[in-house]
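sequence plus the predicted model coming up.
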Amino acid sequence: MGKAHILAFVIALLIIIILLVPIIPVESIKIVEVPVETFTEKTITEKVIRTITTTKVERATWDVTWYAITGEGKFGGELGKTKFPAIFTYDWGYGNVWKDYKDFIGFEAYTTIYVPRDGPVNFYIRSDDGCRLYVDGKLVIDLWGRLFYPQEESKTVYLTKGFHRLRLIWYEWRGAAYIRFNVDFDVVEWTTTTSIVTTTYEQKITTVPTIITVTETKTLTEFVNLLQYLTRK
Ligand SMILES: [Ca+2]
């Protein structure tokens, strides 16, 4: 092959490259669709359940109603109300028992105890003048009568676990006045637990990602070959 042939081949190759290989940049404006991630706020209602547990220490107290004593030694007119602690000693001597009353006065008192186990419970009373103790309506200690000096008595009662009602009646006829009540301490103080379940609906705002398509106008550059370039409009 001579030099002329080689030259002709190179020229032919250049022509093919110029004509067919896309080497000419052409700018054009095009509308394109572009995916865009956006965030939208969404309100969600959530059910919230809460349990609030409270514990409370309870102690027995006596609800006391005072009465005047009649000539027959019975409870007469009501004089007023007060409270005694669960375990108490009142030694009024010859002084006032309630307001201006030194003598011919009495009270009726009620309380509730909580026995934390099945078993014996000890009650003790010392009284001047008369006194009676009832447990769940049953007479347990009887120191009634016009006893002009202090009397005392202890009693053991078998009680089941749970709440029990006590009733105490006492009166003072004349002279010194005294009352003492005692009981096993584990029955006058107890703990109660209360659970409150609340259901509320709370609104929360969350962000939700969303992909939307937007159209954009873009200037694009593409490469075309000479033939395409010449035939473009
Ligand atoms: Ca007395």
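Nice, thanks for sending it over.

quickly find the element holding K204.
K204 is part of strand 189-224 when elements are defined by DSSP states H and E.

what's the burial count for the residue nearest to R174 when sequence neighbours are not counted?
Residue nearest to R174 in three dimensions, not counting chain neighbours: D103, with 4.9 Å by C-beta to C-beta, 6 or more residues apart in numbering. Glycine gets a C-beta too; all of them are placed from N, C-alpha and C. Residue crowding around D103 was assessed by other C-beta atoms under 10 Å; the count is 16.

please apply the same query to the one 5 residues further on.
As a burial measure, E108 scores 18 neighbours (other C-beta under 10 Å).

and if you look at T215?
There are 9 residues near T215, going by other C-beta under 10 Å.

rewinding a little: enumerate every residue touching the residue nearest to R174.
Residues counted as contacts of D103 (C-beta atoms under 8 Å, 6 or more residues apart in numbering) are 172-175, 177.

any idea which element the most centrally placed residue in the chain lies in?
What sits nearest the mean C-alpha location of the chain, by C-alpha atoms, centre = their mean, is I52, with 1.4 Å. Here I52 is covered by strand 24-59, with elements defined by DSSP H and E.

what does N96 give?
Counting by DSSP H and E, N96 is part of no helix or strand.

what about it, distance to K47?
Per C-beta to C-beta, to the nearest Å, N96 is found 62 Å from K47.

more neighbours: which of those two?
Taking neighbours as other C-beta under 10 Å, N96 and K47 compare with N96 leading, 13 against 8.

ok, now which ones touch the more buried one?
If you count contacts by C-beta under 8 Å, 6+ apart, N96 has them with K102.

so it versus the ion, what's the distance?
Applying C-beta to the ion, to the nearest Å, the value for N96 to the ion is 14 Å.

please apply the same query to L20.
Distance from L20 to the ion, counting by C-beta to the ion: 135 Å.

and if you look at N225?
N225 sits 133 Å away from the ion, going by C-beta to the ion.

neighbours of F104, how many?
17.

can you tell me how far the residue in the chain positioned nearest to the ion is from N122?
Residue of the chain nearest the ion, by C-beta to the ion: G175 (3.9 Å). According to C-beta to C-beta, G175 and N122 sit 29 Å apart.

with T51 instead?
Distance of T51 to N122, given as C-beta to C-beta: 39 Å.

ok, and for stretch 71-81, which residues are buried?
Neighbour-count burial for stretch 71-81, counted by 16 or more other C-beta atoms under 10 Å, picks out 75, 79.

and stretch 117-125, by the same measure?
Quick answer for stretch 117-125 (16+ other C-beta under 10 Å): 121, 123-125.

need these in CSV with secondary structure and distance to R165, can you?
Below are the buried residues of stretch 117-125 laid out as CSV (DSSP: H, G, I helix; E, B strand; the rest coil; distance: C-beta to C-beta, whole Å):
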residue, secondary structure, distance to R165
V121, strand, 13
F123, strand, 13
Y124, strand, 18
I125, strand, 17
